[in-house]
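*Asks:* got a structure for you, letters missing:
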């Protein structure tokens, strides 16, 4: 996961160059922005796979089990996400070494945490749609080799699309926003950027609560809990 972040960065830079470049962002500014997104996504990834799997759990559990957004199932850690977060922090540190570090750089902590919460909350909203219609959202491939068939792990289309958006989101950010949202000129979010991130975190959290309010619990149904622990 750590090395994959750097591979993704190279791919994004190549794609950006093919699309006309990353101006007005400098290369190091872009790398720092990519690192911030990776750090936030990596922190969220410690828990988000549990959320992304909810539509699959809804399809695979019996009809008597209503899948819930339950703490016992959602808080099962996937430590691989920390490797991605670590790679993001390395990129942020390298960008800070090139662009400068100042007191404003401390604001990166709440900024990254707000973005991580936003990723989790949006994941929950997307997953709720998949739980409502798992017959539409869940996809599973069957590989046939000779006379043998192997069923691949089912996936949520909504979750897969959201993960893809997170992978490429740095491209539209570079095209739509100026570098001063993250550089003052030292690395660190502007007050407006931080307020927007906090507002997104609060708004998405409220939306997640609204759509899951009738399916929230501390303890997941036994069948869902077993399924979640088997995949953790």
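*Replies:* Structure's in. What do you need? Keep in mind that what you see is a predicted model, and the values were worked out from it rather than measured.
*Asks:* From here on, just use CA atoms for contacts and neighbour counts.
*Replies:* Noted.
*Asks:* contacting residues for the residue nearest the centre of the chain?
*Replies:* Nearest residue to the geometric centre of the chain (C-alpha atoms, centre = their mean): residue 41, 4.1 Å. By C-alpha atoms under 8 Å, 6 or more residues apart in numbering, residue 41 lies in contact with 81, 84, 85, 115, 116, 119, 166.
*Asks:* Sitting in helices, which of those do you find?
*Replies:* Applying DSSP state H to the contacts of residue 41, the entries found in helices are 81, 84, 85, 115, 116, 119, 166.
*Asks:* Report the buried members of those.
*Replies:* Buried members of those, scored by 16 or more other C-alpha atoms under 10 Å, are 81, 84, 85, 115, 116, 119.
*Asks:* closest to residue 96 among those?
*Replies:* Comparing these against residue 96 with C-alpha to C-alpha places residue 85 closest, at 16.3 Å.
*Asks:* Would you agree the closest one is in contact with residue 38?
*Replies:* Yes: counting by C-alpha atoms under 8 Å, residue 85 does reach residue 38; the two are 5.9 Å apart.
*Asks:* Strands along this structure, start to end?
*Replies:* Along the chain, counting by DSSP state E, strands occupy 69-70, 138-139, 142-145, 148-151, 155-156, 216-217.
*Asks:* Let me know which of those strands is the nearest to residue 231.
*Replies:* Residue 231 sits nearest to strand 155-156 of all the strands of the chain, at 12.5 Å, using C-alpha to C-alpha.
*Asks:* List just the nearest of the ones in helices among the contacts of residue 41 to residue 14.
*Replies:* Residue 14 lies nearest to residue 166 out of these, by C-alpha to C-alpha, at 17.1 Å.
*Asks:* how near is residue 19 to residue 72?
*Replies:* Applying C-alpha to C-alpha, to the nearest Å, the value for residue 19 to residue 72 is 44 Å.
*Asks:* Low-confidence regions, the protein specifically.
*Replies:* Scanning the chain with the threshold set as pLDDT under 70 gives 1-2.
*Asks:* Contact partners for the nearest residue to residue 39 once chain neighbours are set aside?
*Replies:* Distance criterion C-alpha to C-alpha, 6 or more residues apart in numbering; nearest residue to residue 39, sequence neighbours excluded, is residue 85 at 3.9 Å. Contact analysis of residue 85 by C-alpha under 8 Å, 6+ apart lists 38, 39, 40, 41, 42, 43.
*Asks:* could you redo the last one with a cut-off of 6 Å?
*Replies:* By C-alpha atoms under 6 Å, 6 or more residues apart in numbering, residue 85 lies in contact with 38, 39, 42, 43.
*Asks:* Compute the distance between it and residue 42, please.
*Replies:* Distance of residue 85 to residue 42, given as C-alpha to C-alpha: 4 Å.
*Asks:* and if you look at residue 161?
*Replies:* Residue 161 is 17 Å from residue 42, by C-alpha to C-alpha.
*Asks:* okay, the two: which has more neighbours?
*Replies:* The neighbour count for residue 161 versus residue 42, taken as other C-alpha atoms under 10 Å, is higher for residue 42 (28 against 12).
*Asks:* The more buried one contacts residue 79, doesn't it?
*Replies:* No: counting by C-alpha atoms under 6 Å, residue 42 sits too far from residue 79 to count as a contact (9.4 Å).
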